[in-house]
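Student: only geometry, no sequence info:
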């Protein structure tokens, strides 16, 4: 960019994730040290569509937010400027309004913090003359351009805690307990938490499962005197030649709402195993709460790097963790290919080696 950078605007799009506030804190504090003015758009892109929803951020704004979950700016996974709902059944492209509002506030760079949907929307503003820098956020850890996304570590910790808690009640009642976790079409949360929590079965979207293999594993445990089992199910897991369980098709321009994978597994196990089978859906508990130490540090590193990229005018980029270093990658690469679990990879091999059944 040829013109000097003076003002930046940041938004937190998509669903919330532990670590958003550490990103905002680091971004604001670093940007102010670099003589940049910082504004925040409330509720993701909604704050750039509706008037009066851009606020100035200063040191006081971010004081004390490091350990807090959620986002002080608010999030939205519904406000798509290129497909914005204006009535019960009407949608419009209001991206020109966003461009106009940013220019009215003399914003030089827009910083979008979010997952693949937010990055995709952000990248579409570059050709419209709005420089964009991305910060990857998703508890699913499925963005291909970065080795790790903040929010994932906290979500895995929460899911692991749930597995630990379920162990005692499963053993006390001789039950099979099914735990459904988030992750959409990526099995990272299920696989990491399942291994960390000592699950007996882990079902992930990348490996279609055979219910008979799962039932056999549970029966074998019973024959050896282990009269309980823990089954961790990623929400995108599906049986061989089956479909992903969904609660609804999703609004136009949005992905389907997943749900029911755990209940389906439990129903299929009934009558196949000599145990009562119960289901726990962990749900949005995985998104909430105070971020882990790792996510606080990673979020801080991402925020600092994003501010530095703003100052240097390096738009069209996204911050990413590659190995041990935080680097800048192209924004397009962030949405090229999702990062999914390799069914033949080392982590799957580790799970199999310690006796975990993966359904195939």
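Tutor: Sure thing, it's come through. These numbers come from a predicted model, not from an experiment. Numbering: from 1, shown residues only.

Student: In stretch 13-30, which residues are buried?
Tutor: By neighbour count with 16 or more other Cβ atoms under 10 Å, stretch 13-30 contains the buried residues 13-30. Using the backbone N, CA and C atoms, a C-beta is placed for each residue, glycine as well.

Student: So which of those residues sit within helices?
Tutor: 20-30 (DSSP state H).

Student: okay if I get those as CSV plus distance to residue 248?
Tutor: Compiled in CSV, these are given as follows (distance: Cβ to Cβ, whole Å):
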residue, distance to residue 248
20, 26
21, 30
22, 33
23, 30
24, 31
25, 35
26, 36
27, 34
28, 37
29, 41
30, 41
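
Student: Can you lay out those as TSV showing distance to residue 169 and pLDDT?
Tutor: Below are these laid out as TSV (distance: Cβ to Cβ, whole Å; pLDDT from 0 to 100):
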residue	distance to residue 169	pLDDT
20	33	97
21	34	97
22	34	98
23	37	98
24	38	98
25	39	98
26	40	98
27	42	98
28	44	98
29	44	98
30	46	98
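
Student: quick one: contacts for the closest residue to residue 38 other than its chain neighbours?
Tutor: Distance criterion Cβ to Cβ, 6 or more residues apart in numbering; nearest residue to residue 38, sequence neighbours excluded, is residue 57 at 4.4 Å. For residue 57, the contacting residues are 10, 24, 28, 38-40, by Cβ atoms under 8 Å, 6 or more residues apart in numbering.

Student: pLDDT wise, what is residue 57 at?
Tutor: pLDDT for residue 57: 97.

Student: Low-confidence ranges, the stretch 101-250 of the chain, go.
Tutor: 250 (pLDDT under 70).

Student: what two of the contacts of residue 57 have the greatest distance between them?
Tutor: 24 and 39 (11.8 Å; Cβ to Cβ).

Student: out of the contacts of residue 57, who's nearest residue 201?
Tutor: residue 24 (38.9 Å).

Student: thinking that closest one is in contact with residue 303, fair?
Tutor: Yes - with contact defined as Cβ atoms under 8 Å, residue 24 counts as touching residue 303 (6.8 Å).

Student: What about the residue lying closest to residue 260 once chain neighbours are set aside, how many residues nearby?
Tutor: Leaving aside its sequence neighbours, residue 260 sits nearest to residue 245 (Cβ to Cβ, 6+ apart; 3.7 Å). Neighbours of residue 245 under the rule other Cβ atoms under 10 Å: 21.

Student: just residue 196 next, same as before
Tutor: Neighbours around residue 196, by other Cβ under 10 Å: 15.

Student: Not counting sequence-adjacent ones, nearest residue to it?
Tutor: Residue 196 sits nearest to residue 160 (Cβ to Cβ, 6+ apart), 4.5 Å away.

Student: Let me see the backbone angles for that neighbour.
Tutor: When read as degrees, to the nearest 10, the backbone of residue 160 gives phi -70, psi -40.

Student: Report the contact partners of it.
Tutor: 192-193, 196-197.

Student: If any of those residues are buried, put those into a ChimeraX selection.
Tutor: Buried residues within the contacts of residue 160, by 16+ other Cβ under 10 Å, are selected in ChimeraX with:
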select :192,193,197
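
Student: quick one: which of the contacts of residue 160 sit in helices?
Tutor: Among the contacts of residue 160, the members falling in helices (DSSP H) are 192-193, 196-197.

Student: ok, so of these, who is nearest residue 325?
Tutor: Of all those, residue 325 sits closest to residue 192, with 22.2 Å by Cβ to Cβ.

Student: wait, isn't that closest one in contact with residue 156?
Tutor: Yes - using Cβ under 8 Å, residue 192 is in contact with residue 156, at 4.6 Å.

Student: For the residue nearest to the spatial centre of the chain, which non-adjacent residue is closest in space?
Tutor: Note on the chain: the residue nearest the mean C-alpha position is residue 138, at 2.2 Å, using Cα atoms, centre = their mean. Spatial nearest neighbour of residue 138, chain neighbours left out: residue 115 (3.8 Å); criterion: Cβ to Cβ, 6+ apart.

Student: got the contact list for the one you found?
Tutor: 13-15, 136-138, 140, 142-143, 149.

Student: Tabulate these in CSV, adding columns for distance to residue 237.
Tutor: Listed next are these as CSV, based on distance: Cβ to Cβ, whole Å:
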residue, distance to residue 237
13, 27
14, 22
15, 20
136, 24
137, 24
138, 18
140, 14
142, 15
143, 20
149, 21
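
Student: Which of those lies at the shortest distance from residue 221?
Tutor: residue 140 (29.9 Å).

Student: for the closest one, what are its contacts?
Tutor: 115, 149, 152, 182-184, 186, 188-189.

Student: any idea how far residue 27 is from the residue nearest to the centre of the chain?
Tutor: The gap separating residue 138 from residue 27 is 18 Å, by Cβ to Cβ, to the nearest Å.

Student: Then residue 56?
Tutor: 14 Å.

Student: got it, and residue 356?
Tutor: Residue 356 sits 40 Å away from residue 27, going by Cβ to Cβ.

Student: Residue 126 too?
Tutor: 20 Å.

Student: One more: residue 357?
Tutor: The spacing between residue 357 and residue 27, counted by Cβ to Cβ, is 44 Å.

Student: so where does residue 295 fall, helix or strand?
Tutor: helix 293-312 (DSSP states H and E).

Student: now residue 127
Tutor: Going by DSSP H and E, residue 127 is not in any helix or strand.

Student: Tell me how many other residues surround it.
Tutor: 7.

Student: which residues sit in contact with it?
Tutor: Residue 127 neighbours (Cβ under 8 Å, 6+ apart): none.
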